[in-house]
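S.K.: What follows is a predicted structure for the sequence shown.
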Amino acid sequence: MNNILFFFFLVVFLLSPPQIQSQTIPSNISIFILAGQSNMAGRGGVYNDTATNTTVWDGVIPPECRSNPSILRLTAKLEWEVAKEPLHVDIDVNKTNGVGPGMSFANRVVNRFGQVGLVPCSIGGTKLSQWQKGKFLYGEMIRRAKAAAVASGGGSYRAVLWYQGESDTVDMVDASVYKKRLVKLFNDLRSDLHQPNLPIIQVALATGAGPYLDAVRKAQLKTELENVHCVDAMGLSLEPDRLHLTTSSQVRLGQMMADAFIAIPNSAQPLLYCFSVLVLFPLFFL
């Protein structure tokens, strides 16, 4: 009799998913992909601790970047969890991450959707050539975007948030072909996600690591692609390194990107093809 009861409870246990799993797997989620360099990954509040000679984050989270049970993020293990700063903590692992634009963006748009899912993909210090189709970063971005839809049982791709280019201001060749590479990236991304009109909210640089800032900015401001919307970060306050946006600037940038997204006609409606995803791209090494 004891053996029968044991096997009965064993079968019940194996057929019943753990409660935490049923609580953390979202359904009908609106997906946003975050990609690019360090300013997308977030360096707000990151500073050099002279006592330890290490880079640290001050831990300050503005109210605009607060956590919300309806805002999730896809972890490096391709699992959904409640999103919190820093969003790229397990993605841009070689650098110290702080506040980026993702959470202020999400908090601004979440009321338009039942749930928002952020897919961080950014790596500091990366060039646009590293984000071309066939390269590791591009492959990881597509892999994570598709996994986000699968992990939610069929989410909707809503937009890509893209902030990159500081590293391409160093070399004249990189700057001169920036527009060509950017257009190809956006076209390939839409094609591989089966979303030919997927909204892309990109940022025109506020700073550059080299002398060709104007050339890269010109390319970003005039991609001439349909449903690609550019937000200009020029004039936002910078950290002492003169490369990264401050926490308050990141908050403002996220809100600007949200306003640009909301202004797109029917932005709250599902796209016609496959899933709808928002991607955020931070920089790897900046």
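M.R.: Noted; the coordinates are in hand. Residues are numbered from 1 along each chain as shown.
S.K.: Which helix or strand in the chain has the lowest average pLDDT?
M.R.: Within the chain, judged by mean pLDDT, DSSP states H and E, the helix or strand with the poorest mean is helix 19-24; its value is a mean of 37.
S.K.: Okay, strands next: where are they in the stretch 151-286 of the chain?
M.R.: All strands of the stretch 151-286 of the chain, identified by DSSP state E, counting those that start in this stretch, fall at 156-163, 200-204, 228-232, 279-284.
S.K.: And the helix or strand just after the least confident helix or strand of the chain, what does it pack against?
M.R.: Note on helix 19-24: by DSSP states H and E, the next helix or strand toward the C-terminus is strand 30-37. Applying 3 or more Cβ pairs under 8 Å, 6 or more residues apart in numbering; DSSP states H and E, we find strand 30-37 packed against helix 102-109, strand 116-120, helix 136-151, strand 156-163, strand 279-284. C-betas here are computed from N, CA, C, even on glycine.
S.K.: right, and the helix or strand after strand 30-37?
M.R.: Scanning forward in sequence from strand 30-37 by DSSP H and E, the next helix or strand is helix 38-41.
S.K.: tell me the mean pLDDT for that following helix?
M.R.: For helix 38-41, the mean pLDDT works out to 98.
S.K.: Please list the residues outside the helix or strand just after it that contact it.
M.R.: Along the chain past helix 38-41, the next helix or strand (assigned with DSSP H and E) turns out to be strand 46-49. The contact list for strand 46-49 (Cβ atoms under 8 Å, 6 or more residues apart in numbering) reads 54, 55, 56, 57, 58, 96, 97, 98, 239, 240, 244.
S.K.: same question, stretch 125-132
M.R.: Contacts of stretch 125-132 (Cβ under 8 Å, 6+ apart): 35-38, 95, 135-138, 141, 164-165, 167-168, 174, 178, 181-182, 184-185, 188, 281, 283-286.
S.K.: picking up where we left off before, may I see the helices and strands packed on strand 30-37 arranged in JSON lines, with mean neighbour count and distance to residue 193 as well?
M.R.: Shown next, in JSON lines, are the helices and strands packed on strand 30-37 (neighbours: other Cβ atoms under 10 Å; distance: least, Cβ to Cβ, whole Å):
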{"stretch": "helix 102-109", "mean neighbour count": "27", "distance to residue 193": "19"}
{"stretch": "strand 116-120", "mean neighbour count": "29", "distance to residue 193": "11"}
{"stretch": "helix 136-151", "mean neighbour count": "19", "distance to residue 193": "6"}
{"stretch": "strand 156-163", "mean neighbour count": "31", "distance to residue 193": "6"}
{"stretch": "strand 279-284", "mean neighbour count": "31", "distance to residue 193": "9"}
